[in-house]
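Participant: model the following, please.
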Amino acid sequence: MTLVNDAAPEVRSTGRKFRAFTAKHLDELTARAGLSPEEQLATRAVATVLPFRTNAYVLEELIDWTAAPDDPIYRLVFPQPDMLPAEDVAVLSDLLRREAPKAEVEAAANRVRMKLNPHPAGQMELNIPSFGDGKVPGLQHKYDETVLYFPKQGQTCHAYCTYCFRWAQFIGEPDLKMAGDDSHQLRDYVAAHPEVTSVLITGGDAMIMGESVLRRYLEPLLELEQLESIRIGTKSLAYWPQKFVTDPDADDMLRLFEQIVESGKNLAFMAHFSHPRELEPLVLTEAVRRIRDTGAVIRTQAPLIRSINDDPKIWETMWRTQTRMGMVPYYMFVERDTGPQDYFAVPLAEAYEIFRNAYKNVSGLSRTVRGPSMSATPGKVCVDGVLDLFGERVFQLHFIQCRDAELVNKPFFAKYDPAAIWLDDLKPAFADRFPWQ
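Facilitator: So this is what the prediction gives:
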């Protein structure tokens with residue numbers, strides 16, 4: 001079989017204008033993947049609940065259409081008919097089949113969404129601080145030293161991942177969306193909290209914004225001496241690397257990165273790569289080179305996803321390739337407890353073995369990666385291993401980050417459960433409760 005990028009065009013030929021594809025294009029695209037009319041209808045039914053968006057680069061440079069619908073990149077961006085309970089898909093499919101009024105379809109879709117835990121880990125109740133006259137829109141402060149900010153203009157992406165734990169940002173429900181547009185309030189909040197040393201600009205995707213918009217949020221932060229680092233969470237390197245090579249403001253964006261580094265801040269570019277295929281195109285190599293030339297550090301992360309990257313060889317290949325390109329492997333995440341979690345989740349015991357079998361085959365330079373890690377309500381929990389202690393089989397775990405900083409890096413134990421996929425599925429071992437309870 002010819003590899004999808006064997007005949008990749010020259011870097012500069014990828015400067016064509018961005019073109020998005022949404023749910024209205026699904027029938028055309030899923031027909032290309034060989035889906036039957038009933039499968040196409042079921043796919044559209046799922047897309048009434050969970051968001052769909054992709055672009056021409058993903059469709060033509062990353063997906064191997066000869067392998068669709070089983071191709072991993074296809075599964076990464078296209079809704080799958082069995083991502084939701086069959087009874088819910090049947091109800092929604094029937095509404096679409098009989099061309100029910102839009103309001104009726106949306107009401108049915110919303111009932112399904114509310115069963116999918118749209119905002120996990122207490123992020124709406126526990127993470128949004130009060131400041132001045134009330135809550136700070138678009139800001140989360142879960143760990144003492146780190147603030148997350150969701151710029152209003154960055155709450156979409158070049159393409160959506162089917163597993164995305166931020167899916168609720170994209171469905172048009174204002175009550176479910178986190179977004180702020182007051183850069184001075186962000187700066188003032190950070191200045192009033194000297195324990196904050198890092199700001200993470202997240203979304204959505206900050207790199208959906210133009211340089212002039214992103215600058216409005218970042219420039220006020222550069223005057224704060226307490227800040228050690230600015231992080232940008234993004235999937236753009238995988239889904240639209242032209243952002244840094246041929247887009248009209250590519251050079252201006254890179255000059256902004258240089259300005260951040262020259263101000264004495266560490267600029268950490270938190271790049272999401274879910275599969276080695278995303279690392280193959282020539283334009284991606286050029287984008288990585290240009291970002292690194294600004295002094296920014298590119299760190300890589302992604303969740304472990306069943307049917308897309310649940311193979312240690314895939315992670316080994318990603319980490320080796322990323323290290324060779326000058327990027328720093330950072331996290332393997334566990335799929336969050338939201339959306340179609342049951343569809344994509346890998347049991348924790350299996351996740352640990354996948355991580356270990358990939359980790360043991362890479363050099364020390366790639367062993368900067370941590371995982372498998374759960375971003376749960378009390379904090380980031382890493383599965384360190386499966387042990388037999390005092391006649392009992394257990395998981396050993398520790399907090400990489402925690403709401404209670406005193407618990408960071410202290411090991412704790414949970415009873416071994418081969419079916420457990422999340423922290424809430426575990427029961428304490430050698431104690432009647434977990435340390436944070």
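
Participant: tally of neighbours for F390?
Facilitator: Around F390 there are 9 other residues, counting by other Cβ atoms under 10 Å. (Glycine included, C-beta is placed from N, CA and C.)

Participant: relative to A429, how far out is it?
Facilitator: Shown here: F390 relative to A429, a distance of 9 Å by Cβ to Cβ, to the nearest Å.

Participant: same check, this time on V196
Facilitator: The spacing between V196 and A429, counted by Cβ to Cβ, is 35 Å.

Participant: D27 too?
Facilitator: Using Cβ to Cβ, D27 is found at 51 Å from A429.

Participant: neighbour-wise, which of these two wins?
Facilitator: When D27 and A429 are compared on other Cβ under 10 Å, the one with more neighbours turns out to be A429, at 19 against 15.

Participant: you'd agree the more buried one is up against K415?
Facilitator: Yes - shown here, A429 and K415 form a contact pair, counting by Cβ atoms under 8 Å, at 4.8 Å.

Participant: surely V394 is within a strand?
Facilitator: Yes - counting by DSSP: H, G, I helix; E, B strand; the rest coil, V394 is part of a strand.

Participant: what's the model's confidence in stretch 278-289, averaged?
Facilitator: With pLDDT averaged residue by residue, stretch 278-289 scores 98.

Participant: buried ones in that stretch?
Facilitator: Residues of stretch 278-289 classed as buried by neighbour count (16 or more other Cβ atoms under 10 Å): E278, L279, E280, P281, L282, V283, L284, E286, A287, V288.

Participant: what is in contact with A429 and K415 at once?
Facilitator: E392, V394, F395 (Cβ atoms under 8 Å, 6 or more residues apart in numbering).

Participant: of those residues, just say which sits nearest to A90.
Facilitator: Using Cβ to Cβ, the shortest approach to A90 within these belongs to F395, at 37.6 Å.

Participant: what count of nearby residues applies to E99?
Facilitator: For E99, the tally of surrounding residues (other Cβ under 10 Å) stands at 8.

Participant: in three-state terms, label it for me.
Facilitator: In terms of secondary structure, E99 is coil; the call rests on three-state DSSP.

Participant: mind listing what's buried along stretch 219-237?
Facilitator: Neighbour-count burial for stretch 219-237 flags 220-222, 224, 227, 229-237 (criterion: 16+ other Cβ under 10 Å).

Participant: end to end, how far does that stretch reach?
Facilitator: Length of stretch 219-237, first residue to last, Cα to Cα, to the nearest Å: 23 Å.

Participant: could you do stretch 128-144 as well?
Facilitator: Distances were taken as Cα to Cα; on that basis the terminal residues of stretch 128-144 are 13 Å apart.

Participant: stretch 293-309 now?
Facilitator: Stretch 293-309: ends 30 Å apart by Cα to Cα.

Participant: one more: stretch 151-166?
Facilitator: 14 Å.

Participant: any idea how far stretch 72-86 is from the chain center?
Facilitator: If you compare the mean C-alpha spot of stretch 72-86 with that of the full chain, they lie 16 Å apart, counting by Cα atoms, centre = their mean, to the nearest Å.

Participant: do the same with stretch 314-321
Facilitator: From the chain centre to the centre of stretch 314-321 is a distance of 18 Å (Cα atoms, centre = their mean).

Participant: now do the helices in the stretch 101-250 of the chain.
Facilitator: Under the criterion DSSP state H, counting those that start in this stretch, the stretch 101-250 of the chain carries helices at the ranges 102-113, 183-191, 211-218, 236-239, 250-262.
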